[in-house]
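# One predicted model, sequence on top.
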Amino acid sequence: MENDFYNLFKRIIRECNYTNTYKMAWAKALVEIAIEKEYTDKIVEISLKEIAEKIIKYYWNQTIFFDLIQGSNLTETPLILQYTKQLIGEYYESIENKKPERFERVENYIKESLTNEYNYCINKTVKTLKADVSWRFIFIDGQTHTEIYQYNKGENYIKISSTNLKVLKENSEDLFDLINYRWGLILETFNISPRINKKVKIIDEQKVKRNSLSKFREYLDIENPERKCFICGKKIDEKDLSIDHVIPWSYLYSDDLWNLVYVHKSCNSCKSNVIPAKKEIEKLKERNQKLIKMLESSNKRGKMVDELKYANEKDYVDKFWIACKS
Ligand SMILES: [Zn+2]
């Protein structure tokens with residue numbers, strides 16, 4: 001029996017269609033709940049609210065860092081993603097800057113300071129799960145498979161056997177791998193940004209963090225010794241100095257000299273994740289050419305210099321800009 005359930009659960013993940021990522025989020029939430037939940041009964045109730053909380057967390061993290069598109073209809077964002085994006089907007093407004101944070105790190109703040117907004121997001125998500133996901137997940141080959149869990153349409157919870165929860169828990173590592181792999185594949189069909197699978201995986205490992213960019217200073221200083229801001233053109237004091245990605249980090253998920261410039265912290269926080277205008281792109285290309293010349297004449301060598309030259313030859317600035325605009 002256990003194997004039947006496990007195989008069926010994996011089959012749902014493997015055969016999931018590529019319309020959106022709801023089923024992946026749902027499956028992942030069930031596995032995570034199976035790990036955390038304490039129970040004594042043979043049949044365990046899991047509320048859609050519990051599931052919604054997990055799903056919001058996944059979408060929050062994928063959106064705030066990488067702005068991944070979660071549905072094949074590009075003109076219509078999947079509802080749950082819309083609610084998540086709204087919550088992110090309200091969060092940014094509330095903290096008055098746009099520094100991305102993992103949901104887990106700001107969860108308490110959101111629940112306390114944005115209680116109504118958070119509850120709205122959860123309630124709307126529950127509604128969508130009810131209408132679209134809860135019953136559909138176990139509807140395979142034209143029939144409802146109650147051996148996975150039981151769900152009566154309209155209800156606020158599913159009922160799952162403790163045996164099944166145990167199977168999910170015991171196989172959680174493999175299931176997370178499988179779900180992330182499928183999730184990445186689905187995302188690849190409608191996201192053109194690079195390193196999709198790495199983005200999905202890294203978010204799961206809680207390792208997503210921005211590396212220090214200070215190692216780029218010695219290169220940037222060669223071309224811009226006065227440290228003038230790429231955005232406003234004024235000189236930057238040490239305390240207000242930051243290094244910024246012209247093409248957003250959320251898109252590239254990589255730190256490269258060809259894409260990095262000095263900016264004021266204040267100028268930077270206004271434009272986080274915004275796709276640059278043509279003018280900025282031209283400016284960056286000019287900067288790169290000038291930087292290459294100056295690096296050459298100062299006899300600076302190394303991987304960073306080689307990469308910059310390569311990026312310049314291959315026209316990375318234009319290529320990635322065009323790709324991230326579309
Ligand atoms: Zn500035």
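Looks like it arrived, so ask away.
# low-confidence ranges in the stretch 151-300 of the chain?
Within the stretch 151-300 of the chain, the ranges that satisfy pLDDT under 70 run 206-210, 271-273.
# Enumerate the residues of the stretch 201-326 of the chain near the ion.
Neighbours of the ion within the stretch 201-326 of the chain, by C-beta under 5 Å from the ion: C229, I231, C232, H264, C267. Where C-beta positions appear, they are placed from N, C-alpha and C, glycine not excepted.
# can you pull the contacts of the residue of the stretch 51-200 of the chain found nearest the ion?
When distances are taken as C-beta to the ion, the stretch 51-200 of the chain approaches the ion most closely through N97, which lies 15.2 Å from it. Contacts were defined as C-beta atoms under 8 Å, 6 or more residues apart in numbering; by that measure N97 touches S269.
# ok so it is a helix residue?
No. The assignment for N97, made by DSSP: H, G, I helix; E, B strand; the rest coil, is coil rather than a helix.
# Please report how far it lies from V317.
Between N97 and V317 the distance is 27 Å, computed by C-beta to C-beta, to the nearest Å.
# Mind jotting down where the strands sit in the chain?
Secondary structure of the chain (DSSP state E): strands at 43-47, 139-140, 143-144, 157-161, 241-245, 260-264.
# residues in contact with the residue lying closest to Y59 once chain neighbours are set aside?
When the adjacent residues along the chain are set aside, Y59 lies closest to T84, with 4.2 Å between them (C-beta to C-beta, 6 or more residues apart in numbering). Shown in contact with T84 (C-beta under 8 Å, 6+ apart): I56, Y59, W60, T63, C121.
# Redo those residues as a markdown table? Include neighbour count and distance to E112.
Conversion of the contacts of T84 to a markdown table gives the following (neighbours: other C-beta atoms under 10 Å; distance: C-beta to C-beta, whole Å):
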| residue | neighbour count | distance to E112 |
| --- | --- | --- |
| I56 | 24 | 16 |
| Y59 | 27 | 21 |
| W60 | 26 | 16 |
| T63 | 20 | 22 |
| C121 | 26 | 15 |
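# Helices - which of the residues you listed land there?
I56, Y59, W60, T63, C121 (DSSP state H).
# my read: the last one touches L81, true?
No. Here C121 does not reach L81: they are 11.0 Å apart, not a contact under C-beta atoms under 8 Å.
# just the contacts of T84 that are near the ion?
Within the contacts of T84, nothing lies near the ion by C-beta under 5 Å from the ion.
# Of all pairs in those, which one is the farthest apart?
T63 and C121 (12.4 Å; C-beta to C-beta).
# isn't K28 right up against Y58?
Yes. Proximity of K28 to Y58 meets the contact threshold set by C-beta under 8 Å, at 6.4 Å.
# on that earlier part again, now the contacts of T84 as CSV including pLDDT?
Below are those laid out as CSV (pLDDT from 0 to 100):
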residue, pLDDT
I56, 98
Y59, 96
W60, 94
T63, 92
C121, 98
